[in-house]
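Enquirer: Got a sequence here, can you model it:
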Amino acid sequence: MSNVEKEPAAVRCGAADETGGTPRTEVLTPRAVPLGGPRAMTVRRTLPQRSRSLIGAWCFADHYGPDDVTETGGMVVPPHPHTGLQTVSWLFSGEIEHRDSLGSHAFVRPGELNLMTGGHGISHSEVSTAATTLLHGVQLWVALPDEHRHTGSAFQHHVPAAVRVDGAEIRVFLGSLAGETSPVPTFTPLLGAEILLAPGAVVSLAVDPAFEHGLLVDHGDVRLGDTRLSPAELGYHSPGTRTLTLTNDSPDTARTVLLGGPPFGEDLLMWWNFVGRTNEDIVRAREDWTNGTRFGEVTGYDGARLPAPELPNVPLKPRGRPH
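Expert: Residues are numbered from 1 along each chain as shown. Okay, the predicted model is just below:
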């Protein structure tokens, strides 16, 4: 998914070293971002934000729907570029058609992972299909470490099995949890899993104490430890914990997405759809997209590609570094 803000802010992302001290939990509230168009579909963005820009290498989290596409027009994101990151598409309902400059033509469906590696440069389009009535899911980005940020582009698809543990149904799409390990390789240690919690369920999950974690609540009244989270909020939990306890206080099944990874340990600069390290990285990527170089062509999409926003007249000055 593209960041379609007309004046995207440059964000300096960096994870503080929180491997020592007492683990703590923060509640991150989302901000609404319209995807554009006369009937714009709105997403709820919890990463990045001023209070926290990264959870492990996870650097971007959009949560959308359930969205009635007859009212909003659904998702129509023209070809757009990415550098220095991977995109992770995960749906709860609906279907999205993916095309990219590698020639990949795939469909994002509920419970199926589509992971695209931008690396040095890739472009893609995303359009909800005619069969979709309700569109509902998350779009996530993973920052690539400096030694791999110019890697070749790639596209991977994986359908994780459902694992049932103490009132929870878990689908691990990246990393390891509840005895299940995703076969999809990552450039840094990561955890990504959808967790459904039965009404009243209390579930304790063994996790890597070197990881920081984020629990995004799709629906239900859920507690992460003793911290209550409302739908669309993301609960951040710092490293140092070997067990995460999730409680569903609602009378219906709750849905959550658990993200994790060790603190990233590198500063990076995010602007529009690019992740770099310097102003020059971003300027060069934008020029290459505008000039039609580096990012290839997306075939099969009927329409113009997405133009890059204008850069400020001064070098990109990122926001102050969050925690």
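Enquirer: Could you use CA atoms for every contact and neighbour count after this?
Expert: Fine.
Enquirer: residues near His157, how many?
Expert: Neighbour count for His157, taken as other C-alpha atoms under 10 Å: 16.
Enquirer: What of Pro312?
Expert: When neighbours are defined as other C-alpha under 10 Å, Pro312 has 10 of them.
Enquirer: for it, helix, strand, or coil?
Expert: coil (DSSP: H, G, I helix; E, B strand; the rest coil).
Enquirer: Torsion angles phi and psi at Asn285?
Expert: Careful, residue 285 is Ala and not Asn. phi -60, psi -40 (degrees, to the nearest 10).
Enquirer: Find me the pLDDT at it, would you?
Expert: Note for Ala285: predicted pLDDT of 98.
Enquirer: go on, Glu71?
Expert: 83.
Enquirer: Check Arg223 too.
Expert: pLDDT for Arg223: 98.
Enquirer: Who is it paired with across the strands?
Expert: Per DSSP bridges, the residues bridged to Arg223 are Arg228, Thr247.
Enquirer: now do Arg99
Expert: Taking DSSP bridges as the rule, Arg99 bridges to His105, Ser125.
Enquirer: just checking, it touches Ala106?
Expert: Yes. Between Arg99 and Ala106 there is a contact under C-alpha atoms under 8 Å: 6.6 Å.
Enquirer: higher neighbour count, these two?
Expert: Arg99 (23 against 16).
Enquirer: got the contact list for that one?
Expert: If you count contacts by C-alpha atoms under 8 Å, 6 or more residues apart in numbering, Arg99 has them with His105, Ala106, His124, Ser125, Glu126, Val298, Thr299, Gly300, Tyr301.
Enquirer: Just want to check the distance between it and Leu113.
Expert: To Leu113, Arg99 is 15 Å away according to C-alpha to C-alpha, to the nearest Å.
Enquirer: Same check on Ile96?
Expert: Applying C-alpha to C-alpha, the value for Ile96 to Leu113 is 12 Å.
Enquirer: go on, Pro251?
Expert: From Pro251 to Leu113 the distance is 29 Å (C-alpha to C-alpha).
Enquirer: quick one: low-confidence parts of this protein?
Expert: By pLDDT under 70, the weakly predicted segments of the chain are 1-7, 9-12, 14-21, 35-40, 317-323.
Enquirer: Show me the helices in it, by range?
Expert: Here the chain has its helices, by DSSP state H, at 69-72, 279-291.
Enquirer: count of neighbours near Leu191?
Expert: When neighbours are defined as other C-alpha under 10 Å, Leu191 has 28 of them.
Enquirer: Run through the residues that contact the residue lying closest to Met116 once chain neighbours are set aside.
Expert: Nearest residue to Met116, sequence neighbours excluded (C-alpha to C-alpha, 6 or more residues apart in numbering): Phe155, at 4.5 Å. Contacts for Phe155 (C-alpha under 8 Å, 6+ apart) come out as Ser104, Asn114, Leu115, Met116, Thr117.
Enquirer: on that earlier part again, neighbour-wise, which of the contacts of Arg99 leads?
Expert: In the contacts of Arg99, the most neighbours by other C-alpha under 10 Å go to His124, 29 neighbours.
Enquirer: Can you tell me the closest non-neighbouring residue to that residue?
Expert: With sequence-adjacent residues excluded and distances taken as C-alpha to C-alpha, 6+ apart, His124 is closest to Asp100, at 3.9 Å.
Enquirer: Can you name the residues that contact the closest residue to Glu233 other than its chain neighbours?
Expert: Leaving aside its sequence neighbours, Glu233 sits nearest to Thr29 (C-alpha to C-alpha, 6+ apart; 5.0 Å). With contacts defined as C-alpha under 8 Å, 6+ apart, the neighbours of Thr29 are Thr46, Ala232, Glu233, Leu234.
Enquirer: Count the neighbours of Pro307 for me.
Expert: 14.
Enquirer: Then Thr129?
Expert: Thr129, neighbours per other C-alpha under 10 Å, totals 18.
Enquirer: Do I have it right that it meets His98?
Expert: No. At 10.0 Å, Thr129 does not count as touching His98 under the criterion of C-alpha under 8 Å.
Enquirer: Pipe the contacts of Arg99 into TSV and attach distance to Ser51 per row.
Expert: Below are these laid out as TSV (distance: C-alpha to C-alpha, whole Å):
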residue	distance to Ser51
His105	37
Ala106	35
His124	30
Ser125	31
Glu126	30
Val298	36
Thr299	39
Gly300	40
Tyr301	38
